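Novice: got a sequence here, can you model it:
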Amino acid sequence: MNQKTKPETSLLVRGYEVVIGFETHAQLSTASKIFSRASTAFGAEPNTQACAVDLALPGTLPVMNKGAVERAIQFGLAVGSHVAEHSVFARKNYFYPDLPKGYQISQFEIPVVQGGSVEFFLGDEKKSVRLVRAHLEEDAGKSLHEDFIGQSGIDLNRAGTPLLEIVTEPDMRSSAEAVAYAKELHKIVTWIGICDGNMQEGSFRCDANVSVRKPGAPLGTRREIKNLNSFKFMQQAIDFEIRWQIEQIEDGFEIQQATVLFDPDTGETRAMRTKEDAADYRYFPDPDLPPLVIEREWVERVRSEMAELPRVMAARFMADYGLPEYDATTLTQSQAMAAYFEAAAKACNQPKLVSNWVMGELSRRMNSGDVTMATLPVSATQLAALIGRIADGTISNNAGKQVFEALWAAEAPEGDALAQVDGLIEAKGLKQMNDTGALDTIIDEVLAANAKSVEEYRSGKEKAFNALVGQVMKASKGKANPAQATELLKAKLG
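Specialist: Numbering: from 1, shown residues only. So this is what the prediction gives:
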């Protein structure tokens, strides 16, 4: 990994600066493997999808999967990388039971994707992580330990599965930033359709390189946490590793470069093996594969056929709907969420209110239950109708939440979206009081019954005014228009 770091103010942990870089393996969404026609389908019986080419049996030769190359091009375009016109495959030599060839075909000196960056928000702060490279390679098989007593099994179905390994600069400074980066990368590869992103099935696997140092000191010795397959475990593993390294240093020990695994049961990392350097793998160009040549016409064709990218769509949401950058970025977390927002915004012409509801109430309900954008019980047109009634003063925002709950629970009457919302408003008696005469009477009664608060307000106590507004809302059983009530109150109080 390139050892350059970008200067920035970092949050220190017990006086140490945390330095994190990532290597992510994204399984490409091709139907066949990277150098053979064997299937990549998940869940087949062990060793039923490993062909002679995957095992490098005598007389076989690898043939490059064009679809894998095209997906690498898509990724490079999505993150602003340089797509190399000429790249080379190499053999990475090591011996492990699940590596039938005794080497892995990868890319070393000249990768297909070079540079680029991934931008995301950490809270409301915009961050950017630089990419070193993304290279094509084949996956190894899988060692099975749980179902065997005193021995291990080997499943070679994954051998030869196409991967894109995405490597960052060591730009991240906390576990929270690392997880935010990983989520954004996950969004990108699933958005453009090059990876299904299924972490449980191993389609999106992250390795975190973690080290600590005193501010201004050279980079510390890194330890690589392998195969983090959930964002929750990712943060737990990095946090433990940070604490462990600091404690080791403060106890007078040196950190040894190593590959470690995270145990979710104990919440701890443990060393698996000494970390290898590039020289240990004895890379050399693969003699069976010619250089990969990508003509610019191919790159431009892929560019023209790609769907609107998240960052491009976010920029359009800012320009077309006047949304803040944070809103636009959040709403483009998935194509489904972006489409939902846009449909609702166009239907009611209240884009900021729609954004607030999608990021607020809608997301809250989704996160509290087993609900996805595909299974939402409230349609975009229903939400638009509800927001329209809030915007035109028919109901208050709080009453709107009650209508939303009823829509979520499928309690709406028959009819189109607007008829359903209006029916719920009527049935629940939520219509806001906009009759100035009736509200005027209520305010007069409240002022007469709260002479002390009136006196306090007139003597300069602003809290007394809020108390009076509260009394008006109580007297109207929550149906008074708060803005109208405030205006009338101020007029009467002078």
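Novice: starting at the chain centroid, how far to the top helix by length along the chain?
Specialist: Criterion DSSP state H: the longest helix present in the chain is helix 231-250. Distance of helix 231-250 from the chain centroid (Cα atoms, centre = their mean, to the nearest Å) equals 22 Å.
Novice: list the buried residues of that helix.
Specialist: By 16 or more other Cβ atoms under 10 Å, the buried positions in helix 231-250 come out as 231, 233-242, 244-246, 249. Yep, even glycine has a C-beta here, placed from its N, CA and C like the rest.
Novice: after that helix, which helix or strand is next? Please name it.
Specialist: Proceeding C-terminally, helix 231-250 gives way to strand 258-263 as the next helix or strand, assigned by DSSP states H and E.
Novice: identify each buried residue in the helix or strand just after that next one, please.
Specialist: Next helix or strand after strand 258-263 toward the C-terminus (DSSP H and E): strand 268-274. By neighbour count on 16+ other Cβ under 10 Å, the buried set for strand 268-274 is 268, 269.
Novice: avg pLDDT for the helix or strand following strand 268-274?
Specialist: Sequence order places strand 284-285 as the next helix or strand after strand 268-274, per DSSP H and E. The average pLDDT within strand 284-285 is 94.
Novice: can you tell me the strand partners of strand 284-285 and which way each runs?
Specialist: Applying DSSP bridges, strand 284-285 is found paired with strand 90-93 (antiparallel).
Novice: can you list the residues that contact the strand it pairs with?
Specialist: Residues outside strand 90-93 that contact it (Cβ atoms under 8 Å, 6 or more residues apart in numbering) are 102-109, 137, 281-286.
Novice: can you flag the buried ones in those residues?
Specialist: Buried members of the contacts of strand 90-93, scored by 16+ other Cβ under 10 Å, are 103, 104, 105, 106, 107, 108, 137, 281, 283, 286.
Novice: which ones among those lie within strands?
Specialist: Among the buried ones among the contacts of strand 90-93, DSSP state E puts 103, 104, 105, 106, 137 in strands.
Novice: ok, now which ones touch the closest residue to residue 27 other than its chain neighbours?
Specialist: Spatial nearest neighbour of residue 27, chain neighbours left out: residue 203 (4.2 Å); criterion: Cβ to Cβ, 6 or more residues apart in numbering. Contacts here follow Cβ under 8 Å, 6+ apart; on that basis residue 203 touches 26, 27, 42, 195, 196, 197.
Novice: could I get the residues you listed as a markdown table with pLDDT?
Specialist: Shown next, in a markdown table, are the contacts of residue 203 (pLDDT from 0 to 100):
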| residue | pLDDT |
| --- | --- |
| 26 | 98 |
| 27 | 98 |
| 42 | 94 |
| 195 | 98 |
| 196 | 96 |
| 197 | 95 |
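Novice: identify the farthest-apart pair in those residues.
Specialist: Distance extremes for these: the farthest pair is 26 and 42 at 14.6 Å, using Cβ to Cβ.
Novice: the two - which one has more neighbours?
Specialist: Taking neighbours as other Cβ atoms under 10 Å, residue 26 and residue 42 compare with residue 26 leading, 27 against 16.
Novice: so what's the residue nearest the centre of the chain closest to, chain neighbours aside?
Specialist: Centroid-nearest residue in the chain: residue 183, 2.9 Å away (criterion: Cα atoms, centre = their mean). Using Cβ to Cβ, 6+ apart and skipping the chain neighbours, the partner closest in space to residue 183 is residue 231 (6.2 Å).
Novice: show me the contacts for that neighbour.
Specialist: Residue 231 sits next to 179, 182, 183 when contact means Cβ under 8 Å, 6+ apart.
Novice: so of those, which ones are in helices?
Specialist: Short answer: the contacts of residue 231 in helices (DSSP H) are 179, 182, 183.
Novice: a markdown table please, covering those residues and showing pLDDT and distance to residue 93.
Specialist: Shown next, in a markdown table, are these (pLDDT from 0 to 100; distance: Cβ to Cβ, whole Å):
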| residue | pLDDT | distance to residue 93 |
| --- | --- | --- |
| 179 | 97 | 34 |
| 182 | 98 | 29 |
| 183 | 96 | 34 |
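Novice: which regions of the stretch 201-350 of the chain lie under the pLDDT threshold?
Specialist: Across the stretch 201-350 of the chain, residues meeting the criterion (pLDDT under 70) sit at 275-276, 278.
Novice: for residue 56, which non-adjacent residue is closest in space?
Specialist: Closest residue to residue 56 apart from its sequence neighbours, by Cβ to Cβ, 6+ apart: residue 101 at 4.1 Å.
Novice: typo on my end, it should be residue 155
Specialist: Residue 155 sits nearest to residue 46 (Cβ to Cβ, 6+ apart), 3.9 Å away.
Novice: and the one you found, which of the three is it?
Specialist: State at residue 46, reduced to three classes by DSSP: H, G, I helix; E, B strand; the rest coil: coil.
Novice: number of nearby residues for it?
Specialist: Other residues near residue 46 come to 14 when the count uses other Cβ under 10 Å.
Novice: now for it: which residues touch it?
Specialist: By Cβ under 8 Å, 6+ apart, the neighbours of residue 46 are 144, 153, 155, 156, 157.
Novice: neighbour-wise, which one of these leads?
Specialist: Busiest of these [other Cβ under 10 Å] is residue 157, holding 24 neighbours.
Novice: leaving out the residues flanking it, which one is nearest to that one?
Specialist: Nearest one to residue 157, counting by Cβ to Cβ, 6+ apart, is residue 49 at 4.3 Å.
Novice: so what's residue 310 up against?
Specialist: Taking Cβ under 8 Å, 6+ apart as the contact definition, residue 310 lies against 187, 188, 191, 329, 332, 333, 338.
Novice: got a markdown table for those, with neighbour count, secondary structure and distance to residue 124 too?
Specialist: Listed next are the contacts of residue 310 as a markdown table, based on neighbours: other Cβ atoms under 10 Å; DSSP: H, G, I helix; E, B strand; the rest coil; distance: Cβ to Cβ, whole Å:
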| residue | neighbour count | secondary structure | distance to residue 124 |
| --- | --- | --- | --- |
| 187 | 18 | helix | 18 |
| 188 | 23 | helix | 21 |
| 191 | 21 | helix | 22 |
| 329 | 22 | helix | 10 |
| 332 | 23 | coil | 16 |
| 333 | 19 | coil | 15 |
| 338 | 22 | helix | 20 |
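Novice: can you add distance to residue 316 and give those residues back as a markdown table?
Specialist: What follows is the contacts of residue 310, written out as a markdown table (distance: Cβ to Cβ, whole Å):
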| residue | distance to residue 316 |
| --- | --- |
| 187 | 17 |
| 188 | 17 |
| 191 | 15 |
| 329 | 12 |
| 332 | 9 |
| 333 | 15 |
| 338 | 10 |
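Novice: ok, of these, which one's closest to residue 347?
Specialist: The closest of the contacts of residue 310 to residue 347 turns out to be residue 338 (Cβ to Cβ; 15.0 Å).
Novice: tell me which of the contacts of residue 203 fall in strands.
Specialist: Residues of the contacts of residue 203 located in strands (DSSP E): 26, 27.
Novice: secondary structure class of residue 487, three-state.
Specialist: helix.
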